[in-house]
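1. here are the coordinates; sequence isn't available:
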């Protein structure tokens, strides 16, 4: 195990990073592995999912996944199954 990145809303739960750090360090000890573990959270951890979604949504390659209100009204909720593999 070389790199572990924990992201998303759970990272803002108090002591979550400490719990992950302890779990990884205990695993490493059990496996007799030497591992340097560092945890950190961005100051905007609560917004990182939205920031990532915004970046993804702005990519031209992502346009094929767009679903409009009109498509939902015409095709129903099954449009999600057809357009999002």
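-> Everything's here; your move. What you are looking at is a predicted structure, and each value in this text was computed from that prediction instead of being measured.

2. so where's the chain shaky on pLDDT?
-> 1-2, 37, 39-42, 85 (pLDDT under 70).

3. any idea how far residue 36 lies from residue 19?
-> Per Cβ to Cβ, to the nearest Å, residue 36 is found 18 Å from residue 19. Bear in mind the C-beta positions are built from the backbone N, C-alpha and C, glycine included.

4. care to break this structure down by domain?
-> 1-41, 47-85 (automatic domain parsing).

5. could I get those domains as JSON lines with mean neighbour count?
-> Output for the domains of the chain, formatted as JSON lines (neighbours: other Cβ atoms under 10 Å):
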{"stretch": "domain 1-41", "mean neighbour count": "11"}
{"stretch": "domain 47-85", "mean neighbour count": "10"}
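
6. who's in contact with stretch 71-81?
-> 67, 82, 83 (Cβ atoms under 8 Å, 6 or more residues apart in numbering).

7. Now name the helix or strand holding residue 72.
-> According to DSSP states H and E, residue 72 maps onto helix 69-75.
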